[in-house]
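Participant: following is a predicted model, sequence given first.
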Amino acid sequence: MTAQEHAEPQILIVEDEPKIARLVADYLEGSGFATHHLDHGDAVLPWLTEGRQAGTGPALVLLDLMLPGTDGLTLCREVRQRWPALPVIMLTARVEEVDRLLGLELGADDYICKPFSPREVVARVKAVLRRSQAADQPASGEAGDLVLDEEGWRALADGQDLGLTAVEFQLLKVMMHAPGRIFSRDQLMDHMYRDHRIVSERTVDSHVKKLRRKISDVWPEREVIRSVYGVGYKYQPEA
């Protein structure tokens, strides 16, 4: 798993369970990726820093939540601060942490709950990399437009990438596909979370608040995500 010079995109696997790390690496390498494995949280930032200084480094980080040394939450926060464009997928058995992972605090690009299928890991890695690569392409969309790039998992307002997390994108996508329809918080939660876990209404409100803030950074005078008192939210484009 140790990386040499590879033409393939390199995936950094940070996982302290050797069997899981080896299984994931085998599937990724079988799908055309190079991999590098670290099993201790304290080794991650020095390894990434050295690689970035040398002009190399991974295309994506698969980061376990529970690690010896520096934990996954702290590492995700540090990676976001130092290398904002480096995609991070969290591996976690703690479902209650998912809200934090996906943007309430840390802004991970995606998460995978243990136990998982290695094929699912490969599919998620490919999807996040497509989204990341699409974000590097010149933005399109005419002035006044809010455009969903579903292949790249991004939203463009006046051609500017809003930089949405996976949950924020899914939330916007659901409402944009039915303009004017009022969605209850329960309905939005069903669409936002693949594992159908129970989260509080405040969780949905927090995601909507962050989504509105990102839209208002581009359109300070427009409100396209509207509250319906006592019911929920709707997407209402201006005529």
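Facilitator: Happy to help now that I have it.

Participant: for the residue nearest the centre of the chain, list the residues it contacts.
Facilitator: With distances taken as CA atoms, centre = their mean, the residue of the chain nearest its centroid is Asp109 (1.5 Å). By CB atoms under 8 Å, 6 or more residues apart in numbering, the residues touching Asp109 are Pro87, Val88, Ile89, Val128, Arg131, Ser132, Thr165, Ala166. Just so you know, the C-beta spots here come from the backbone N, C-alpha and C atoms, and that holds for glycine as well.

Participant: quick check, nearest of those to Tyr27?
Facilitator: Ile89 (13.9 Å; CB to CB).

Participant: how close does the residue nearest to the centre of the chain get to Arg222?
Facilitator: Going from Asp109 to Arg222 by CB to CB, to the nearest Å gives 27 Å.

Participant: hmm, back to that, and the residue nearest to the centre of the chain, what pLDDT?
Facilitator: Looking at Asp109, its pLDDT is 77.

Participant: equivalent analysis for Asp26, please.
Facilitator: For Asp26, pLDDT reads 97.

Participant: for it, which non-adjacent residue is closest in space?
Facilitator: Leaving aside its chain neighbours, Asp26 sits nearest to Pro118 (7.5 Å; criterion: CB to CB, 6 or more residues apart in numbering).

Participant: which of the contacts of Asp109 are buried, as a ChimeraX select command?
Facilitator: Those of these that count as buried under 16 or more other CB atoms under 10 Å are selected in ChimeraX with:
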select :87,88,89,128,131,132,165,166
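
Participant: list the contacts for the residue nearest to Asp26?
Facilitator: Leu23, Val24, Asp26, Tyr27.

Participant: hmm, back to that, got CSV for the contacts of Asp109, with secondary structure and distance to Val204 too?
Facilitator: Output for the contacts of Asp109, formatted as CSV (DSSP: H, G, I helix; E, B strand; the rest coil; distance: CB to CB, whole Å):
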residue, secondary structure, distance to Val204
Pro87, coil, 25
Val88, strand, 23
Ile89, strand, 23
Val128, helix, 23
Arg131, helix, 22
Ser132, helix, 26
Thr165, coil, 14
Ala166, helix, 15
